[in-house]
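Trainee: pasting a predicted model and its sequence here:
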Protein chains: 2
Amino acid sequence: MSVANSRRVRGLSPRIQTPHPAQSPSGRFRHLLPQGEKEERTKPKVTTHPNDPSLRSFIDVDPASDFPIQNLPYGVFSTAAYPAPRVGIAIGNYVLDLWALEQDCRLDVGPLGVFSAPSLNSFMALGPKVWAKTRARISELLRHDHPELRDNEELRKQALVPMRDARLHLPFTVSGYTDFYSSKEHATNVGVMFRGKDNALQPNWLHMPIAYNGRASTVVVSGTKVKRPRGQLKPPNVEVPSFAPCKRLDFELEMGVVVGQPSPMGGMLTEQQAEEMIFGFVLLNDWSARDIQQWEYVPLGPFLAKAFATSISPWVVTREALEPFRLNGPEQSPAPLDYLRQSRPQNYDLELDVSLRAAGTNAADTISRTNFKYMYWSSVQQLTHHASSGCAMNVGDLLGSGTISGPEKNQRGSLLEISWNGTEPVELPGGAKRSFLEDGDSLVMRGWCQGNGYRVGFGEVEGTILAAE
Amino acid sequence: MSVANSRRVRGLSPRIQTPHPAQSPSGRFRHLLPQGEKEERTKPKVTTHPNDPSLRSFIDVDPASDFPIQNLPYGVFSTAAYPAPRVGIAIGNYVLDLWALEQDCRLDVGPLGVFSAPSLNSFMALGPKVWAKTRARISELLRHDHPELRDNEELRKQALVPMRDARLHLPFTVSGYTDFYSSKEHATNVGVMFRGKDNALQPNWLHMPIAYNGRASTVVVSGTKVKRPRGQLKPPNVEVPSFAPCKRLDFELEMGVVVGQPSPMGGMLTEQQAEEMIFGFVLLNDWSARDIQQWEYVPLGPFLAKAFATSISPWVVTREALEPFRLNGPEQSPAPLDYLRQSRPQNYDLELDVSLRAAGTNAADTISRTNFKYMYWSSVQQLTHHASSGCAMNVGDLLGSGTISGPEKNQRGSLLEISWNGTEPVELPGGAKRSFLEDGDSLVMRGWCQGNGYRVGFGEVEGTILAAE
């Protein structure tokens, strides 16, 4: 009998009959071809780059809005009037319905129906040239000096949905979820707490971006309530474990990389290939049950302590929109091995804010302010490392950066660090004290890159804790 | 703006327009309803149970075959004449084409086209009552005393494909892959090797089925060649790591549970609910790079060392077909916590054989013979534990049992144990010596339950090692 591997690009329907790039090897790994083989027809026709700070939209956008014309993040939304989830982009206080534009022949991305899908996966599978062309075209359609949409009242009514009328869904089908551990400050804080100052960083930490596989089935969109998990607890002072609700429930402030192109099993990635596979980024809260983890995680790592929920923002900000905010990360010493070397700045100047609304109160108070730029290992290094053993990457893979902590005390990305393992509870202005999260608490993360007169933002990722059953 | 969780049943196409049980809560979690709510129309009409040892097929089946009428394992296959992958079952030396039977109105499972899919996921989503009804109907069609297929030459020609003409594909889309560590003998062997006899088992091991999330993107079907992975290596005697091909490449003998029904985020499972979610089992080889793992795995567990390939058998043997071979597992002491208690035997008397064909030789030699019955934690306990923190389970989840070792030296399920970490290389009858796998080596696993005059078998899972690039 003959036997064959029929692995498919995950996150894509095996039943879709329209051809897409995954069907032929030359299409599937087109992004891995040399630069010379560019296709003429996919070149954007507009001359102003969609990142140009001088661009304005005919839609009024507040300078404090996360969604100016320089951003154009992708999401999946539905409305009461038309409840089928479909693809849109955020502009000011509106969602632009890309399926409406596609039906009206204003957007041509190839296979019709990519924007009528309930996830971004089919669009992402089309590859970086289509991403760039589409973003440029949407930018054009939204410009204050471009009449096509601006002066078409009927189409505006069809395609522009007030944000308050939009229900936002998980933006993509998560194929695999991997959680990294790439903030040196976070790893050091945790190390000092549990192993003391002299052994804070494990010997491997400076040589590779340490990570573990997370659970994709519980990645949920902002606003989804999070039930306090139950699990085996065995504090050091008791003899036998009990099964009970987690007592040390925490958040973790992370960014998530959304992988938009596959790489083959058995292959490796260059810096450029890895970069071109990244479709965009989301805010990510990797909820953590510290007490469940403490008992379960030796020797195979975190499992159920991290498997009950991971929340992400509904808007995926494209890698392209973040381009103007690139900068060098911290110096890496020792120098990384060749396969992890970077030839250009791969970090981003991206402000992050965490606020906590204690149960029974109305106001959310900031408990951490930090920046994505502090990450020791970049997203490109994470992706390169991930594929380096021959691990296939898929459209819709989500890579959590790991908890983002900065060098200062007010820049810590988890309650474990903020309360120093419960020994220094945080006091909120309203009077509440917290070492870990209590039932009814809500946690909100925000993130943005500050431009001159505009910000490229992520909106928020919010989650409220429900009592265990 | 309103925000909602739009998680879908993974492994199912979001684009399939036909209704399926996942669309309504009462359908999606129908298997979690009390026993009383059985549906009359799904009751099998045949009176002889398909597991009856006295059943015979009109197709001649050798008593040593893995695929008698008492088995009926599901797979996905294609042929040169009709290259679209579709669902079939193995019977003797034939594949029975279920799509051909469905088109001829011989099988009615509801939504037409379930068997024309390139994976079992859509069929599995229909639930355990449909699984039982379908298996009973296929058994009826194959009986020696049932004329419907036996005497229909045209249909036989359509539906019965000689096994040698069938190309076998990955049988289901793997939603999530979890690798357990549930053989006490294996965990003890590894513990003794690395920590000494007194600390062989970690303190948590006897209290829960320890596991970590694996990588679903590289689960491949038997016959897929496996490229030797590269990775960071830092043997204890060198100062800095290098990036090089793995030198200590190993197999792990495991069984895989195929989850056929979802469970909700935030929920827990009873023993019966967990059991009813299990569609079937496969043979599983969890290839392992011991040297990569040794350097990367502290503190977050195995990652790239296990991410390059996991091979499974092409045939999924149903849980129902294994019913006659149930038995009690080893006594569990201390008694498991309540949520892990079992009221009935949940292990299986399932013989396992591992053979190695050294590069450049023609004969495969048995290097291990063991039995699935030795597992300390059962598959039902693994699934119950997995969901216990509120982790959603999906159709197509794959749970590796963990390496299966028995109490005897010739029952060890990995070369790490067989060669005792390279100190006692195994000598093959042909003269080759192995501590770990070399390029060109082929590894074959077989498994079967021995009935009286027949065996319910899994076929094999084979993989050959290619050199690193």
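Mentor: Yep, it's here.
Trainee: C-alpha from now on. contacts and neighbour counts both.
Mentor: Will do.
Trainee: which residue sits closest to A:Asn199, ignoring its sequence neighbours?
Mentor: A:Gly191 (6.9 Å; CA to CA, 6 or more residues apart in numbering or on different chains).
Trainee: identify the residue of the stretch 301-450 of chain A closest to chain B, quick one.
Mentor: A:Gly301 (4.1 Å; CA to the nearest CA).
Trainee: how many residues are close by that residue?
Mentor: By other CA atoms under 10 Å in any protein chain shown, 25 other residues sit near A:Gly301.
Trainee: check the one 10 residues further on too.
Mentor: When counting by other CA under 10 Å, one arrives at 26 neighbours for A:Ser311.
Trainee: for A:Ala136, grab phi and psi.
Mentor: A:Ala136 adopts backbone torsions of phi -60, psi -40, taken as degrees, to the nearest 10.
Trainee: before we move on, the earlier item: can you verify the residue nearest to A:Asn199 is assigned to a strand?
Mentor: No. Assessed with DSSP: H, G, I helix; E, B strand; the rest coil, A:Gly191 is helix; it does not lie in a strand.
Trainee: check contacts around it.
Mentor: A:Lys197, A:Asn199, A:Ala200, A:Leu201 (CA atoms under 8 Å, 6 or more residues apart in numbering or on different chains).
Trainee: max pairwise distance over the residues you listed: which two?
Mentor: Greatest spatial distance in those: A:Lys197 and A:Leu201, 8.7 Å, computed using CA to CA.
Trainee: ok, these two, which is more surrounded?
Mentor: The residue with more neighbours, out of A:Lys197 and A:Leu201, is A:Leu201; 20 against 13, by other CA under 10 Å.
Trainee: tell me the confidence at the more buried one?
Mentor: What the model reports for A:Leu201 is a pLDDT of 95.
Trainee: ok, now which ones touch it?
Mentor: A:Leu201 touches A:Ala187, A:Thr188, A:Gly191, counting by CA under 8 Å, 6+ apart.
Trainee: how near is it to A:Phe279?
Mentor: 31 Å (CA to CA, to the nearest Å).
Trainee: for A:Val258, what is the enclosing helix or strand?
Mentor: Using DSSP states H and E, A:Val258 falls within strand A:253-259.
Trainee: who does that strand pair up with?
Mentor: Next to strand A:253-259 in the sheet, as set by DSSP bridges, lie strand A:278-285 (antiparallel), strand A:398-400 (antiparallel).
Trainee: could you dump these to a markdown table with mean pLDDT?
Mentor: A markdown table is the format used below for the strands paired with strand A:253-259 (pLDDT from 0 to 100):
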| stretch | mean pLDDT |
| --- | --- |
| strand A:278-285 | 99 |
| strand A:398-400 | 98 |
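Trainee: quick one, helices of the stretch 51-200 of chain A?
Mentor: Taking DSSP state H, counting those that start in this stretch to define them, one finds helices in the stretch 51-200 of chain A at A:98-103, A:121-124, A:128-142, A:147-150, A:153-159, A:184-195.
Trainee: any idea which of those is most buried?
Mentor: Highest mean neighbour count of the helices of the stretch 51-200 of chain A: helix A:121-124, a mean of 25 (counted as mean count of other CA atoms under 10 Å in any protein chain shown).
Trainee: I'd like to know which elements that one is packed against.
Mentor: Contact here means 3 or more CA pairs under 8 Å, 6 or more residues apart in numbering or on different chains; DSSP states H and E; on that basis helix A:121-124 packs against no helix or strand.
Trainee: who touches A:Ser311 in this structure?
Mentor: A:Ser311 neighbours (CA under 8 Å, 6+ apart): A:Val219, A:Val220, A:Val221, A:Ser222, A:Thr224, A:Leu284, A:Asn285, A:Asp286, A:Trp287, A:Val461, A:Glu462, A:Gly463.
Trainee: please repeat the previous calculation with a cut-off of 10 Å.
Mentor: A:Ser311 makes contact with A:170, A:218-226, A:251, A:282-287, A:461-463, B:5, according to CA atoms under 10 Å, 6 or more residues apart in numbering or on different chains.
Trainee: ok now stretch A:171-189, how far from the chain's centre?
Mentor: Between the centre of stretch A:171-189 and the centre of its chain there are 10 Å (CA atoms, centre = their mean, to the nearest Å).
Trainee: whoops, stretch A:181-197 was the one
Mentor: 23 Å.
Trainee: next one: stretch A:415-423
Mentor: Using CA atoms, centre = their mean, the offset of stretch A:415-423 from its chain centre is 25 Å.
Trainee: same question, stretch A:108-120
Mentor: 21 Å.
Trainee: for it, buried residues please.
Mentor: Within stretch A:108-120, the residues that count as buried by 16 or more other CA atoms under 10 Å in any protein chain shown are A:Asp108, A:Val109, A:Val114, A:Phe115, A:Ser116, A:Ala117, A:Pro118, A:Ser119, A:Leu120.
Trainee: with distance to chain B and pLDDT added, can I get these in JSON lines?
Mentor: Converted to JSON lines, these look like this (distance: CA to the nearest CA, whole Å; pLDDT from 0 to 100):
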{"residue": "A:Asp108", "distance to chain B": "21", "pLDDT": "91"}
{"residue": "A:Val109", "distance to chain B": "19", "pLDDT": "91"}
{"residue": "A:Val114", "distance to chain B": "11", "pLDDT": "96"}
{"residue": "A:Phe115", "distance to chain B": "12", "pLDDT": "98"}
{"residue": "A:Ser116", "distance to chain B": "10", "pLDDT": "97"}
{"residue": "A:Ala117", "distance to chain B": "8", "pLDDT": "97"}
{"residue": "A:Pro118", "distance to chain B": "7", "pLDDT": "98"}
{"residue": "A:Ser119", "distance to chain B": "9", "pLDDT": "98"}
{"residue": "A:Leu120", "distance to chain B": "12", "pLDDT": "98"}
